[in-house]
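Undergrad: My questions concern the predicted model and sequence given below.
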Amino acid sequence: MEPFKHFKGKVAPLDRVNIDTDQIIPKQFLKLVERTGFGQYLFYDWRFDRDGKPKPNFVLNDPRYKDAKILLSRSNFGCGSSREHAVWALSDYGFKTVIASSYADIFYNNCFKNGLLLITLDDGKVDHLFEEATKPEACSLEVNLEEQTIRNKDEIIQFEMDPYRKKCLLEGLDDIALTSALEHKIRAHEQGLSRFRLVQR
Amino acid sequence: MATATIFEKIWKKHVVHEETGKPSLIWIDRHLIHEVTSPQAFDGLRLSHRRLRRPDLTFAVADHNVPTTDRSLPIQDSISAKQLEVLGKNCKEFGITYFDLKSPQQGIVHIIGPELGLTLPGTTIVCGDSHTSTHGAFGALALGIGTSEVEHVLATQCLWLTKPKTFEIFVEGSPTHGVTAKDIILSIIGKIGQAGGTGSVIEYRGQAISQLSMEERMTICNMSIEGGARAGLISPDETTFRYLQGRMYAPKGDDMDKAKQEWSQLATDKGASFDKHVQLDASRIAPQVTWGTTPAMVTDVTGQVPDPEDIEDPNLSKAAARALDYMGLKPGTPIQSIKPDRVFIGSCTNSRLSDLVAASKMVKGKKVASSVRAMVVPGSQIVKVQAEKLGLDRVFKDAGFEWRESGCSMCLGMNPDILAPRERCASTSNRNFEGRQGRDGRTHLVSPIMAAAAAVEGHFVDVRYWDMKG
């Protein structure tokens, strides 16, 4: 995984609660067997009409938000299906960070495994950012994970972050390599398995 | 002695490594894989030259994108065919037992796990699918995971997990005639909301739960994720042990007796405490119908489509207005006047034998309304064969239903079974998200008997009274 670096990027405001992974990447695009190329299908049914033409009223088709790197949304973002394709689509499209007031559990885990930073802010701060991001001139934010801050011009918003997840993102740690360092413990557990936890053939 | 919940007992037995401030490394007893969320994980293994740690604890099945029509014909969709071919190759290369399209054990992963006795009390089970919570019905800790985690489990047979909170949902009383496990779980989700269970493992308890059969318990646990929960489980009891007797991969003979003794210790201790608690009375639950685009947008069959203006929270009010627009419904519309064009009986929520038996009783000797196209997709080949032995295929076909081969089918529409734009469907599946069953398709989640009655009448009816008319 690539280490997470601080960056400045435009914010695309997607003002809906409970955005599920079926919307982020509709099922017709889950048949691919690679991890790449999903960005073009991100929010497909909201972004394009049935003939494949961009829908002018969808936020990602608004020229103001072209090349946005931060997606702003609301509570329970990423609920539903466990499909990691949703994360691959967000990253491949160019998003590095999502800001919302809460996330669904499986999606949350999937994002961190792929270096996509999820920032949780309370509803008041999210409302405020929506005001900023929907002004006629697009809003750009500076995201600094080390300091756990978002900077909007002179305003600095602090965010909470689990220290372990922060370390993994900043160092781009490979989960499997970390686990393999505990091989002796895995082996010990494995050897003590009760017979009824094995498959009986 | 300290009391513990079943979740805490399972957790403790599976911790491989723990450190303050970090997730815990948890041993995984069963890893179930399917064609959609595994190919990239196998690629990852190959790229990093890692081996599959425990092929003996890994099982694969083709279910998500398989056609439900004649299996002797080649698959029309070349991309689906490739995904299945890749799964077959990966299983061969890594030595994994694979139930392919031609296998008599093929079916939806969450149907076949329990059916084959792979799902056992006290075990940890993962699958790259959010409805893995289904297996919790056996008192197993069963979690849906993403593809990176699938790769991690393939390589290490372990998973990093942040310890979830415990959430007791206590359902007292007995449901009335015509009210099913599906109505209980939809009603629970309506009460706790779509994110009510986030960060928690739900344990379903109470008289209404312990009275349920294993198949009904699976329906309850299956939809835990629709309430946002990490997993859902039910403490095992005699009903659980009876179900497991004689299953293909379950313990046999003396082993089974010893296993039962071990499993009997798993149930949540009297007086154990939970982080969160919700109580419901099953006798007050009516048949449920969803009216919106999340499973929490649900109401009684005797109710009406709500008015978004009556919803206080501005974000939820906006979401409801948007949902009604998508669903083509107006506030105040009686639920029973809503007319589905399609009826789908299937999915990992409701495609087991007892679901099909119950639905068939509703349609026996009747005809599907001329305005409706209805189909039954058994959850597995085993369910299909059993149903056919009971003559259910004839009952459904005589009534005008299509009788299909097993798979996920129209629950997520990855195969050709999809809704046309604006088509309305009464579905026994688990998600009514926008576009879930086909772009611009409109889904109403209901129980199998509600779906069957709607197929006959051409609109939703209150099955508590309807089926008595014979």
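TA: That came through fine. Numbers count the residues shown, from 1 in each chain, chains lettered A, B, ... in the order given.

Undergrad: what residues are up against residue 126?
TA: Since you didn't name a chain, this refers to chain A. A:72, A:74, A:99-101 (CB atoms under 8 Å, 6 or more residues apart in numbering or on different chains). C-beta: built from backbone N, CA, C; applies to glycine.

Undergrad: wait, I meant chain B there
TA: B:28, B:30-32, B:132, B:142-145, B:149-150, B:153, B:159.

Undergrad: any idea of the pLDDT on it?
TA: pLDDT for B:Val126: 98.

Undergrad: Now do the SS call for it.
TA: Three-state assignment for B:Val126 (DSSP: H, G, I helix; E, B strand; the rest coil): strand.

Undergrad: what about the closest residue to chain A within the stretch 351-470 of chain B, distance to A:Asp20?
TA: Closest approach between the stretch 351-470 of chain B and chain A, counting by CB to the nearest CB: B:Phe433, at 4.5 Å. Using CB to CB, to the nearest Å, B:Phe433 is found at 5 Å from A:Asp20.

Undergrad: cool, and A:Arg83?
TA: For A:Arg83, the distance to A:Asp20 - CB to CB - is 10 Å.

Undergrad: So B:Gly113 sits against B:Leu120, correct?
TA: No. Contact criterion CB atoms under 8 Å: B:Gly113 and B:Leu120 do not qualify, at 9.8 Å.

Undergrad: Give me the buried positions along stretch B:223-238.
TA: Going by neighbour count (16 or more other CB atoms under 10 Å in any protein chain shown), the buried part of stretch B:223-238 is B:223-236.

Undergrad: need those residues in JSON lines with distance to B:Ile449, secondary structure and pLDDT, can you?
TA: Shown next, in JSON lines, are those (distance: CB to CB, whole Å; DSSP: H, G, I helix; E, B strand; the rest coil; pLDDT from 0 to 100):
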{"residue": "B:Met223", "distance to B:Ile449": "17", "secondary structure": "helix", "pLDDT": "98"}
{"residue": "B:Ser224", "distance to B:Ile449": "22", "secondary structure": "helix", "pLDDT": "98"}
{"residue": "B:Ile225", "distance to B:Ile449": "24", "secondary structure": "helix", "pLDDT": "98"}
{"residue": "B:Glu226", "distance to B:Ile449": "20", "secondary structure": "helix", "pLDDT": "98"}
{"residue": "B:Gly227", "distance to B:Ile449": "23", "secondary structure": "helix", "pLDDT": "98"}
{"residue": "B:Gly228", "distance to B:Ile449": "27", "secondary structure": "coil", "pLDDT": "98"}
{"residue": "B:Ala229", "distance to B:Ile449": "26", "secondary structure": "strand", "pLDDT": "98"}
{"residue": "B:Arg230", "distance to B:Ile449": "30", "secondary structure": "coil", "pLDDT": "98"}
{"residue": "B:Ala231", "distance to B:Ile449": "28", "secondary structure": "strand", "pLDDT": "98"}
{"residue": "B:Gly232", "distance to B:Ile449": "23", "secondary structure": "strand", "pLDDT": "98"}
{"residue": "B:Leu233", "distance to B:Ile449": "26", "secondary structure": "strand", "pLDDT": "98"}
{"residue": "B:Ile234", "distance to B:Ile449": "22", "secondary structure": "coil", "pLDDT": "98"}
{"residue": "B:Ser235", "distance to B:Ile449": "27", "secondary structure": "coil", "pLDDT": "98"}
{"residue": "B:Pro236", "distance to B:Ile449": "27", "secondary structure": "coil", "pLDDT": "98"}
